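**Student:** What follows is a protein structure lacking sequence information:
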């Protein structure tokens, strides 16, 4: 399992920037939930590809298949209790006035939804406490992390729907152009704001924005950060870089009784908004402008954006994952010829149009009838996703070879000179001009549909490592292709996955030729 081997390399030190020196990082008691054990399943016996009929041939990869056999327990079978906002979910990055009186602004970034949003709930509580109005702001950066029309179009169409939902709640929505450190300070001064509540993100650019905001915001404006993306906040789940799922899993499981709880209802605004009115937005013109500018990779039409579409994908009567295909998840999710066994929630989780915690709560209700599938889904939804955030948060070199453990870097570099059957350029790989029809088909699926089955993605990434001049080039190409054409597995997830496929789980003695093969899934 990725990262499950012991390493002597020490995790990197935590950030000590001025802004983050204000972090409140007290871990709460794990509660009454006992430590849950995890045992690795026995490895699948290897069957040579040549011994199988063509239609039943199996893909072979370097490394072992991560198999989830974790057991998910709660103290009782009753529904999760309703609890107020957990204080350890928020960190004060910058204190403000001891007697705040101005509006509270929620800077929405990673969690683009009105329902089941801990950051919005916290902002509403701050506003109610100081008897102040509440507003929501979104900063439209210029192609953040090189985003293309495929990502930006989906996001903006979701924000268009979100603005209407917020208006129905009595909350104004301001769309600001530019990066947050440039757009927010003047906006907050103009409103006379007393506090800014921000979504958590583990990525370097966003953390640098918050450092800059700590310096640029007026002295009376507080800056709070809320992890509304993870079930267990990343700084609570672990205070260090974890080796892998094996080490972070028990830490998360122990905390679920505290954090996997039902959301409180968002209260109505304590004070109606009477300040500056949000400017009208011509959404068609805005979306057209942004899509044209970033139009190298076109939008896709198979996925509707927005919170309603997200809940339909999760629980819809016609094609909802929990209502129609959950029972297939445990047995078929790793079979690329059975894509309907997958949840289809990645677009909505990535842009925060649905809460992972809401998905987990709804899945938990069905555990009696689909125990194995629910457990497998919760492992991917909570443990694996939150491991990716842990990696990007505590590993400053999450997007380079330096982000791998020392033994993995040494192994890859020792085998850089191994003979390879093919060498392809980035342009050839992008155009799927290889001698491998299976890899070409996977690349075409990414280009034209903006998605790829997770099993095929392992094969796709490891072949890039085999076909390039070295691991640095391979990782660079994989991140480039991933973030350019794969619509909804960008940023934190892509960095962790690419490092995982390349650097953290190589067990063969020769990396590039005559690889040790382990059967991991049926393709034909």
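**Tutor:** The structure has been received and is ready for your questions. All values derive from a computational prediction rather than experimental measurement. Numbering: from 1, shown residues only.
**Student:** which strands and helices sit next to the longest strand along the chain?
**Tutor:** In the chain, taking DSSP state E as the definition, the longest strand is strand 134-140. Applying 3 or more C-beta pairs under 8 Å, 6 or more residues apart in numbering; DSSP states H and E, we find strand 134-140 packed against strand 104-108, helix 118-129, strand 173-177, helix 180-191. The way it works is simple: take the backbone N, C-alpha and C, and place the C-beta from them, glycine included.
**Student:** now the strands for this structure?
**Tutor:** 58-61, 90-94, 104-108, 134-140, 173-177, 195-199, 222-226, 518-522.
**Student:** Quick one: closest of those strands to residue 342.
**Tutor:** strand 518-522 (13.4 Å; C-beta to C-beta).
**Student:** low-confidence ranges in this protein?
**Tutor:** Residue ranges of the chain with pLDDT under 70: 1-83, 145, 487-524.
**Student:** Where do the domain boundaries of it fall?
**Tutor:** What automatic domain parsing lists as the domains of the chain is 87-244+263-291, 401-522.
**Student:** May I see the strands of the chain arranged in JSON lines, with mean neighbour count and distance to residue 250 as well?
**Tutor:** Output for the strands of the chain, formatted as JSON lines (neighbours: other C-beta atoms under 10 Å; distance: least, C-beta to C-beta, whole Å):
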{"stretch": "strand 58-61", "mean neighbour count": "18", "distance to residue 250": "27"}
{"stretch": "strand 90-94", "mean neighbour count": "20", "distance to residue 250": "24"}
{"stretch": "strand 104-108", "mean neighbour count": "28", "distance to residue 250": "33"}
{"stretch": "strand 134-140", "mean neighbour count": "22", "distance to residue 250": "37"}
{"stretch": "strand 173-177", "mean neighbour count": "18", "distance to residue 250": "41"}
{"stretch": "strand 195-199", "mean neighbour count": "26", "distance to residue 250": "27"}
{"stretch": "strand 222-226", "mean neighbour count": "23", "distance to residue 250": "25"}
{"stretch": "strand 518-522", "mean neighbour count": "19", "distance to residue 250": "25"}
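**Student:** Relative to residue 336, which of these is closest?
**Tutor:** Using C-beta to C-beta, the strands of the chain put strand 518-522 closest to residue 336, at 7.1 Å.
**Student:** quick one: strands adjacent to the longest strand of the chain?
**Tutor:** strand 104-108 (parallel), strand 173-177 (parallel) (DSSP bridges).
**Student:** so who does residue 372 touch?
**Tutor:** If you count contacts by C-beta atoms under 8 Å, 6 or more residues apart in numbering, residue 372 has them with residue 330.
**Student:** just checking, residue 325 touches residue 345?
**Tutor:** No. Counting by C-beta atoms under 8 Å, residue 325 does not reach residue 345; the two are 11.5 Å apart.
**Student:** Next, count neighbours for residue 352.
**Tutor:** Neighbour count of residue 352, defined by other C-beta atoms under 10 Å: 23.
**Student:** Give me the distance between the residue nearest to it when sequence neighbours are not counted and residue 329.
**Tutor:** Nearest residue to residue 352, sequence neighbours excluded (C-beta to C-beta, 6 or more residues apart in numbering): residue 111, at 3.6 Å. Distance of residue 111 to residue 329, given as C-beta to C-beta, to the nearest Å: 25 Å.
**Student:** neighbouring contacts of stretch 155-172?
**Tutor:** Against stretch 155-172 from outside (C-beta under 8 Å, 6+ apart): 112-115, 134-136, 138, 173, 175, 266, 268-269, 272-273, 277-278, 281, 283, 286-287, 290, 305-308, 351, 353.
**Student:** just the buried members of these?
**Tutor:** 112-115, 134-136, 138, 173, 175, 266, 269, 278, 281, 286-287, 290, 305-307, 351, 353 (16 or more other C-beta atoms under 10 Å).
**Student:** Okay, and which of the residues you listed map to helices?
**Tutor:** 286-287, 290, 307 (DSSP state H).
**Student:** sorry, back to before: hey, which of the helices and strands packed on strand 134-140 is tucked in deepest?
**Tutor:** strand 104-108 (a mean of 28; mean count of other C-beta atoms under 10 Å).
**Student:** in stretch 211-222, what's buried?
**Tutor:** Buried residues in stretch 211-222, defined by neighbour count with 16+ other C-beta under 10 Å: 211-214, 217, 220-222.
**Student:** Stretch 238-248 now?
**Tutor:** 238, 241-248.
**Student:** got it, and stretch 391-411?
**Tutor:** So for stretch 391-411, counting by 16+ other C-beta under 10 Å, buried means 391-396, 398-401, 403-405, 407-409, 411.
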